[in-house]
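**Student:** show me how the following folds:
(one chain, ligands or ions: 1)
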Amino acid sequence: MSDLWRRCLERLEGELSAEDVHTWLMPLQPREDPTGLFLYAPNPYSLDTVREQYLVKIQSIVEHLTGRALPVRLEVGSSGGRPAPMRPASATHASTPASPRAPEAAPEPPHVHNLDPHYTFETFVEGKSNQLGKAAAMQVAMNPGRAYNPLLLYGGTGLGKTHLMHAAGNLLMQNNPGAKVLYLRSEQFVSGMVKALQQKNMDDFKRRFRSVDALLIDDIQFFAGKDTTQEEFFHTFNALFEAKQQIILTCDRYPKELDKLEPRLKSRLGWGLSVAIEPPDFETRAAILLSKAADKGMEVSEDVAMLLARRIRSNVRDLEGALNTLAARANFYRKPITTDFAEETLRDLLNTHAQAVTVPNIQKTVADYYQVRLSDLLSKRRVRSLARPRQVAMALSKELTEHSLPEIGEAFGGRDHTTVLHACRTIRGFCEKDVRMRQDWEQLIRILTG
Ligand SMILES: Nc1ncnc2c1ncn2[C@@H]1O[C@H](COP(=O)(O)OP(=O)(O)OP(=O)(O)O)[C@@H](O)[C@H]1O
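**Tutor:** As a prediction, the model looks like this:
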């Protein structure tokens with residue numbers, strides 16, 4: 001170690017807590033030459049922290065020790081080509097060492113992150129419906145604990161929330177190979193806690209979750225109504241948040257709308273950024289299909305992709321399921337995947353999707369959802385309590401069926417096509433600025449296509 005840095009560390013030990021020195025300063029690798037003292041941080045996160053919190057102090061100690069203004073430079077990397085660990089094993093929560101140079105603790109068992117390496121940003125197809133979510137997840141991966149904390153992705157099933165969450169975890173680890181990232185489904189958190197309570201080793205449980213650099217929990221709607229879990233998660237959340245460790249969560253709806261979730265937890269969830277992941281539009285569905293097909297080494301033409309994208313609107317998981325079926329059958333019969341082959345092979349599936357989404361079905365579903373009479377929805381009455389559901393039903397008919405504007409107008413008591421167009425624009429505008437409206441819209445799409 002550079003002698004200058006060793007002496008500098010001794011001074012810092014006298015001025016800072018041993019934990020700070022151990023966590024942030026010991027992992028820096030020094031290199032000294034006549035032009036300055038270079039300190040290599042193991043990752044950008046660590047570099048930012050050192051720059052923000054300790055650089056001024058380090059600089060002044062170096063000046064004091066050398067008697068001149070020797071520049072201190074921070075960079076990510078390592079002085080001898082050996083990557084430094086992100087931080088010493090469990091430094092944040094391990095008992096504080098008496099001296100930073102105390103003998104190393106026994107090695108911890110290898111950390112299991114549970115990330116799926118296939119779920120990356122490269123394999124995620126971006127569209128209007130998920131643009132914001134993807135950008136936020138990338139930001140978080142590049143800037144953990146700092147960009148948005150927590151990041152919460154919410155929306156219907158099979159729309160790519162889990163994929164984005166893994167992609168963020170994978171990128172975070174790619175940038176910080178020593179980072180402790182932990183992904184798990186909320187059920188695993190609950191069952192882990194039940195086991196820990198049974199076996200009376202809650203301390204281990206707490207340590208496991210509070211010692212990570214990034215905690216990713218999928219489908220937190222599962223916490224609803226589970227009071228002890230919520231209590232424990234609340235404290236885990238606080239510990240991670242205070243230590244600026246990243247939290248990423250997913251939920252099947254806007255969490256403020258979750259019943260049986262403690263208000264203080266709901267409020268915490270709103271501290272960072274919540275982003276809705278919406279069902280993909282036609283073009284994105286087709287692009288996802290082509291991308292998945294390419295990943296699987298399948299030859300699928302644009303025509304086939306468009307056929308499936310047009311007929312299967314529910315979610316990406318269903319699209320993928322259809323593609324897998326096609327692949328298996330084509331392989332079995334040794335046939336190329338043409339549109340005829342796809343129509344034939346997926347006839348039942350496509351019919352099921354088509355049947356669910358007819359204009360009368362939409363009208364009835366919307367009437368039930370808003371608790372208005374179907375006859376009122378189709379009537380000429382213009383009171384607001386009817387006009388808005390009617391516009392929603394028209395917009396859904398445009399979104400989910402192949403009918404033209406005049407045909408939809410006709411189905412709504414002989415209205416003009418411009419009325420339908422106006423309804424579509426109005427509802428789209430509402431969805432962009434009104435959370436409640438967006439949730440209604442997504443919920444209805446889920447009911448109709450689920
Ligand atoms: N935009 C996308 N690009 C590529 N693949 C996608 C996209 N959106 C979803 N998928 C794929 O669809 C499948 C389902 O996605 P995922 O499991 O992430 O959904 P989810 O929103 O987490 O659903 P759930 O709430 O049911 O857990 C995955 O295989 C995922 O890779």
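**Student:** alpha carbons only for contacts and neighbour counts from here, please
**Tutor:** Fine.
**Student:** let me see the contact set for the spatially most central residue of the chain.
**Tutor:** Against the mean C-alpha coordinate of the chain, by C-alpha atoms, centre = their mean, the closest residue is Met165 at 3.6 Å. For Met165, the contact set (C-alpha atoms under 8 Å, 6 or more residues apart in numbering) comprises 137, 216, 248-250.
**Student:** and it, how far from the ligand?
**Tutor:** For Met165, the distance to the ligand (C-alpha to the nearest ligand atom, to the nearest Å) stands at 8 Å.
**Student:** kindly report the residues of this structure close to the ligand.
**Tutor:** Taking C-alpha under 6 Å from any ligand atom as the contact definition, the chain meets the ligand at 123-126, 156-163, 252, 288, 316-317.
**Student:** repeat that with 5 Å
**Tutor:** 124-125, 157-163, 316-317 (C-alpha under 5 Å from any ligand atom).
**Student:** the residue nearest to the centre of the chain falls within a helix, correct?
**Tutor:** Yes. Counting by DSSP: H, G, I helix; E, B strand; the rest coil, Met165 is part of a helix.
**Student:** look at it and report its pLDDT.
**Tutor:** Per-residue pLDDT puts Met165 at 98.
**Student:** go on, the one 4 residues further on?
**Tutor:** At Gly169 the predicted local distance difference test score is 97.
**Student:** what's around it, how many residues?
**Tutor:** Neighbourhood size, Gly169 [other C-alpha atoms under 10 Å]: 33.
**Student:** on that earlier part again, what's the spacing between the residue nearest to the centre of the chain and Ala276?
**Tutor:** 13 Å (C-alpha to C-alpha, to the nearest Å).
**Student:** quick revisit: now rank the residues of the chain next to the ligand by neighbours and give me the top one.
**Tutor:** Going by other C-alpha under 10 Å, Lys161 tops the residues of the chain next to the ligand with 28 neighbours.
**Student:** enumerate every residue touching it.
**Tutor:** Lys161 sits in contact with 153-155, 250, 277, where contact means C-alpha under 8 Å, 6+ apart.
**Student:** right, and the pair among those with maximum separation?
**Tutor:** Pairwise distances among those were taken by C-alpha to C-alpha; the largest, 10.1 Å, belongs to Thr250 and Ile277.
**Student:** between those two, which contacts overlap?
**Tutor:** 153-154, 161.
**Student:** what does the model give Met86 for pLDDT?
**Tutor:** 42.
**Student:** cool, and the one 10 residues further on?
**Tutor:** The predicted local confidence for Thr96 comes out at a pLDDT of 36.
**Student:** which residue ranges of the stretch 101-250 of the chain form helices?
**Tutor:** Taking DSSP state H, counting those that start in this stretch as the criterion, the stretch 101-250 of the chain carries its helices at 131-142, 161-175, 186-198, 202-210, 227-242.
**Student:** contact partners of the shortest one?
**Tutor:** Meaning helix 202-210. 93, 192-193, 196, 215, 236, 239-240.
**Student:** can I get the residues you listed in a markdown table with pLDDT?
**Tutor:** Converted to a markdown table, those look like this (pLDDT from 0 to 100):
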| residue | pLDDT |
| --- | --- |
| His93 | 36 |
| Gly192 | 90 |
| Met193 | 90 |
| Ala196 | 90 |
| Leu215 | 97 |
| Thr236 | 93 |
| Ala239 | 94 |
| Leu240 | 94 |
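**Student:** and those residues, which are buried?
**Tutor:** Among the contacts of helix 202-210, the ones that count as buried by 16 or more other C-alpha atoms under 10 Å are 193, 196, 215, 236, 239-240.
**Student:** what bridges to the closest residue to Arg31 other than its chain neighbours?
**Tutor:** Computed as C-alpha to C-alpha, 6 or more residues apart in numbering, the closest residue to Arg31 that is not its neighbour in sequence is Phe38, at 5.0 Å. Legend: beta-bridge partners of Phe38 under DSSP bridges are Arg31, Arg73.
**Student:** which ones are touching Phe38?
**Tutor:** Applying C-alpha under 8 Å, 6+ apart, the residues near Phe38 are 30-32, 72-75.
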